Structures are given as structure tokens and as C-alpha cells.
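Undergrad: Kindly generate the corresponding structure for this input.
(one chain, ligands or ions: 2)
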Amino acid sequence: MDYLPVILNIKGKKCLIVGGGKVAARKIKYLLGRVEITVISKDFCREIKDMNGIKLVRKAYDSSDLDGFDIVIAATNDERTNKQIFLDAQNKNVLVNNATSKEYCDFLMPAFFNYKDFIVAVSSFGNSPKRAKNLKEKIKKYLEGLDV
Ligand SMILES: C[C@@]1(CC(=O)O)c2cc3[nH]c(cc4nc(cc5[nH]c(cc(n2)[C@H]1CCC(=O)O)[C@@](C)(CC(=O)O)[C@@H]5CCC(=O)O)C(CC(=O)O)=C4CCC(=O)O)c(CCC(=O)O)c3CC(=O)O
Ligand SMILES: NC(=O)C1=CN([C@@H]2O[C@H](COP(=O)(O)OP(=O)(O)OC[C@H]3O[C@@H](n4cnc5c(N)ncnc54)[C@H](O)[C@@H]3O)[C@@H](O)[C@H]2O)C=CC1
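TA: Numbering: from 1, shown residues only. Ligands and ions are numbered 1, 2, ... in the order given. You can find the predicted model right below:
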């Protein structure tokens, strides 16, 4: 497992999300109000359309779309496009997360929650995101009422 857990400082980073469905919407919410966000997609779900403070660009992904960004999240439902985004990002030194393949990610998104002065995050190294989510929920319940 060639992974190292880190806490990424995203302050001032320019973030691109490719894809406009529910998975993109969830990942946008993690960043919303904290960084500059652009979303490129062939179409956008209602939840994304209703978000304030993000730039929406209706188009199919193209390699030049990455220019000027620090971080990209590939969240289309087309694995080939997401893999292409990963390859382009590697070429351009853009940090990349890919919603359809752990193999083509620089970083994975853990299941996480804020707790008091902490953040608690759980990863299955991409092997079982649903179980990571379930474990997160159990830890959350366990911590309720605990004095840390
Ligand atoms: C590798 C990774 C890349 C990344 O996205 O960063 C990835 C990849 C994939 N996820 C898939 C499926 C699902 N993912 C979720 C949920 C979450 N997935 C998240 C992270 C990650 N998912 C990264 C690894 C995390 C780790 O290390 O464990 C969470 C934790 C964080 C977040 O992204 O928000 C978030 C919980 C948020 C929360 O609530 O806390 C659910 C359940 C649900 O949506 O409720 C399902 C349906 C599962 C089912 O139903 O069985 C598929 C198959 C798609 C398909 O087959 O179509 C792939 C692709 C593949 O596995 O190759
Ligand atoms: N990582 C994760 O947490 C999870 C990942 N998934 C996977 O993530 C993928 C996306 O899921 P949803 O958001 O539910 O899909 P969706 O079908 O709702 O949305 C896909 C979006 O990608 C856009 N798109 C497709 N090709 C494009 C291109 N070439 N250029 C620009 N935009 C393009 C579409 O217009 C659409 O807006 C699915 O393949 C699913 O299997 C699903 C659940 C959780």
C-alpha cells in the first residue's frame, strides 16, 4: 500500500472538477466557500446549478482545460475521460483525484467528519469506499458524548 495520510492545505488553490453529476456535487461541497472552484461538464445536476460562488462551464473535457489549475477532480461517468484527465494532470503537475479508479489518483478522498478540534478520516486505500463510510459512521457514534 503506497499511501501516506496527509492533511492538504488547499488555501489559495485553484480547483477544477470535471463532471456535473451527484458524485461531483458531493466533492464540490467539500471545497465550497474555501477555494476557487470551476466545474466543467456536458451537463449539470440541479444541486450543482443551485450552488453559489462556483464557475460552471458547459463543455466536454479537453486537455487544455487543466491549464492554470492546481488540483483536479475527475468525476465524469466515463472512465476513459477520467483516466485521460489523470494522464494530463501528471504531465502538467496538477494534483488529481479520480472518482472511478483508485489506480489513476494522486490522492484518494477518505470518509471524514469534523469532531471538536479534530478531523477524523477513514480510508480503505480505495478498496472498499462503502465500508470506509460505514466505519466512519460507527466512529462518529462512538465519539458522541466522549470527553477527548
Ligand atoms: C478510490 C476512491 C476515489 C475517490 O473518489 O476519492 C473511490 C472510488 C470509488 N467509489 C465507488 C463507489 C462508492 N463510493 C461511495 C462513497 C464514497 N467514496 C469515497 C471515496 C472514494 N471512492 C475513494 C477511496 C476511499 C477509500 O480509500 O476508502 C468517499 C469515502 C469519500 C467521497 O468521495 O466523498 C465516499 C463516502 C463519503 C461519506 O459519506 O463519508 C459509495 C457509497 C455512497 O455513495 O453512499 C459508493 C457506492 C458503493 C456501493 O454501492 O457498493 C466506486 C465504484 C463506482 C461504480 O462501480 O460505479 C469507485 C471506483 C472504484 O472503486 O474503482
Ligand atoms: N468515488 C465515489 O465516491 C463514487 C464514484 N462513483 C462513480 O462516479 C461516476 C460519476 O457518478 P455520478 O456523478 O453519479 O454520474 P452522473 O452520470 O450523474 O454524472 C456524470 C457527469 O459527467 C459528465 N460527463 C461525462 N463525460 C464527460 C466529458 N467527456 N466531459 C465533461 N463532462 C462529462 C456528464 O455530463 C455528467 O454531468 C460514476 O461512473 C460512478 O460509477 C459512484 C459513486 C461514488
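Undergrad: make it CA atoms for all contacts and neighbour counts henceforth
TA: Noted.
Undergrad: quick one: stretch 128-136 to chain centroid distance?
TA: 16 Å (Cα atoms, centre = their mean, to the nearest Å).
Undergrad: In CSV, list the C-alpha atoms belonging to it.
TA: Taking Å, rounded to 0.1, in the frame of the first residue of the first chain, the C-alpha atoms of stretch 128-136 are listed here in CSV:
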residue,chain,number,x,y,z
SER,A,128,-13.9,-0.5,-0.2
PRO,A,129,-15.3,3.1,0.0
LYS,A,130,-18.7,2.0,1.3
ARG,A,131,-17.1,0.2,4.2
ALA,A,132,-14.9,3.2,4.9
LYS,A,133,-18.1,5.3,5.0
ASN,A,134,-19.7,2.7,7.4
LEU,A,135,-16.7,2.7,9.7
LYS,A,136,-16.7,6.5,9.8
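Undergrad: Briefly note if that stretch comes near ligand 1.
TA: Yes: with Cα under 6 Å from any ligand atom as the measure, stretch 128-136 is seen reaching ligand 1 through S128, P129, K130, A132, K133.
Undergrad: Contacts made by that stretch with the rest, please.
TA: The set of residues that contact stretch 128-136 without belonging to it, under Cα atoms under 8 Å, 6 or more residues apart in numbering, is P110, A111, F112, F113, A121, V122, S123, S124.
Undergrad: So the fifth one belongs to a strand, correct?
TA: What that stands for is A121. Yes: the secondary structure assignment for A121 places it in a strand, going by DSSP: H, G, I helix; E, B strand; the rest coil.
Undergrad: Just give me the neighbour total for I10.
TA: Neighbourhood size, I10 [other Cα atoms under 10 Å]: 14.
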